[in-house]
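Undergrad: task: produce atomic coordinates for the following.
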Amino acid sequence: MDTIASLFSFITWPVSWVIVQFHKLYGAIFGDNTGWAWGLSIVSLVVLIRICLIPLFVKQIKSTRNMQVLQPKMKAIQERYKNDKQRQSEEMMKLYKETGTNPLSSCLPILAQSPFFFALYHVLSSIASGKTIGVIDQPLLDSARQAHIFGAPLAVKFMDTEEKAQALGASLADVRVVTAIMIVMMSASQFFTQRQLMTKNVDLTVKTPFMQQQKMLMYIFPVIFAVMGVNFPVGVLVYWLTTNVWTMGQQMYVINQNPTPGSKAQDQYLGRLLKSISTHGQVRGRTRRSMIKRIVAKGPDRNDIERKFITGLAKQGYAAQEDGTVIKGDTAVAEAEGGAAQRRQQPKRQTKAQRQTGAGTAHQAGAKAADSTPARAKASQQKSDTSQDDTSKPAGETASGSSRQAKSGQRKGPQRPKHPSKK
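TA: Numbering: from 1, shown residues only. Here you go, the predicted model:
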């Protein structure tokens, strides 16, 4: 580690200068020789570096998302040219060039931060050895050697001997307890950061080897930090723990405000956005308007989560606009494809049993109608005959005939005369 750190000795002077400037500020508040003054100086150094690396972090997010989108195409190229590695590499580079994606962009923040990390390690190692370095002269060196964080000197390591710990004014037991706690916290923060990336901010509809690699790194990185942490001075552990916490908070903010399309985080974000719109009746915030604007612009390319959001707006009587706002409408229609006419609802397909039941019912209804047709025709004919007989009779006879009631079993109308033998 000392050999690697010496390679970045050219940057030790600016790192030591920044630490000394912050030490002057915190030393006036907590005291020059306190662990708070030196510890907060290292924390402030991390914050300053990470603020400068925000543009690289944004580029890292875009590159990671582009790589996730390209995974199906990359897999297809690998399968198509699996026997021709050179052609496979050429097609991969062509795909990266067409989409403007750089696979190394996801590693830029770590690569850019590495020189500062090794320079800080070189500075703290010099303090532990009692050597001046950069702008840290002898008075500042003596002050830094007296500084303790929870009983552990800044320049001591977990694997150091009892004699070295006592030389810096501490016991080995205190040093190992403090460093062990910091190593566990450092590994846990790294694991949680990677886990929230995999469980919340990954498109679950795309299953690629890239996701499997990320899951492996989720468990490998904490182990690497735990193994390497025993060789880090306390000051370096403070630096790395601070940068892990910063990364975790920064990533949490990105996941909540700008989630990956198709991920669980996007589903939660759009759910909160829908609730806010139903409460306030408008889209509040430029970031939210930008999100709705992107969803509307996608049109038919929306994923299931975005279609569900548009449908939820329509059910509450709102319609999303191209500028990212929403309008209230009495007859807002749920359009999943955006701007297209509502699709005609197709009838549900019946099962075989339902079709047989329906055919049997129709057959019975037809038979019943066929049986009732002659009866209706016969009744109509009888009614017509009665009307003609009533018309041909005189008025008086009609009146008297109508006053008499037909006997049971006799046919209505004019009766046939009886035979003389039956009188």
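
Undergrad: how near is Gly317 to Lys293?
TA: Gly317 sits at a distance of 20 Å from Lys293 (criterion: Cβ to Cβ, to the nearest Å). For every residue, glycine as well, the C-beta is placed using N, CA and C.

Undergrad: actually Met93, sorry about that
TA: 33 Å.

Undergrad: tell me which of the two has more neighbours.
TA: Comparing Met93 with Lys293 by other Cβ atoms under 10 Å, the one with more neighbours is Lys293, at 16 against 10.

Undergrad: could you find the closest non-adjacent residue to that one?
TA: Spatial nearest neighbour of Lys293, excluding adjacent residues (Cβ to Cβ, 6 or more residues apart in numbering): Gly324 at 3.7 Å.

Undergrad: for that neighbour, what are phi and psi?
TA: Main-chain dihedrals, Gly324, degrees, to the nearest 10: phi 90, psi 0.

Undergrad: in terms of contact, does it touch Ile292 like I think?
TA: Yes. The criterion here is Cβ atoms under 8 Å, and Gly324 meets it with Ile292 at 4.5 Å.

Undergrad: between these two, what contacts are shared?
TA: Jointly contacting Gly324 and Ile292 under the rule Cβ atoms under 8 Å, 6 or more residues apart in numbering are Val283.

Undergrad: those two: who's more crowded?
TA: Remark: of Gly324 and Ile292, Ile292 carries more neighbours, 24 against 20, as counted by other Cβ under 10 Å.

Undergrad: who does the helix or strand that one falls within touch, helix- and strand-wise?
TA: Per DSSP states H and E, Ile292 falls inside helix 286-298. With contacts taken as 3 or more Cβ pairs under 8 Å, 6 or more residues apart in numbering; DSSP states H and E, helix 286-298 sits against helix 264-280, helix 304-315, strand 318-320.

Undergrad: what pairs with the shortest one, parallel or antiparallel?
TA: Pointing back at strand 318-320 there. strand 326-328 (antiparallel) (DSSP bridges).

Undergrad: flag every buried residue along the partner strand.
TA: Judged by neighbour count using 16 or more other Cβ atoms under 10 Å, the buried positions of strand 326-328 are Val326.

Undergrad: what lies in contact with that strand?
TA: Contacts for strand 326-328 (Cβ under 8 Å, 6+ apart): Ile277, Gly281, Gln282, Val283, Ile292, Leu313, Gly317, Tyr318, Ala319, Ala320, Gln321.

Undergrad: sort out which of the residues you listed are buried, if you could.
TA: With burial judged by 16+ other Cβ under 10 Å, the buried subset of those is Ile277, Val283, Ile292, Leu313, Tyr318, Ala319, Ala320.

Undergrad: where does pLDDT dip in the stretch 251-400 of the chain?
TA: Under the criterion pLDDT under 70, the flagged ranges of the stretch 251-400 of the chain are 329-400.

Undergrad: before we move on, back to that, now the helix holding Ile292 against helix 264-280, angle please.
TA: With axes from the mean of the first three to the mean of the last three Cα atoms, to 10 degrees defining the directions, helix 286-298 sits at 110 degrees from helix 264-280.

Undergrad: please enumerate the strands of the stretch 151-300 of the chain.
TA: For the stretch 151-300 of the chain, the strands defined by DSSP state E, counting those that start in this stretch cover 152-153.

Undergrad: all helices for it, in order.
TA: For the stretch 151-300 of the chain, the helices defined by DSSP state H, counting those that start in this stretch occupy 162-167, 172-200, 209-229, 234-257, 264-280, 286-298.
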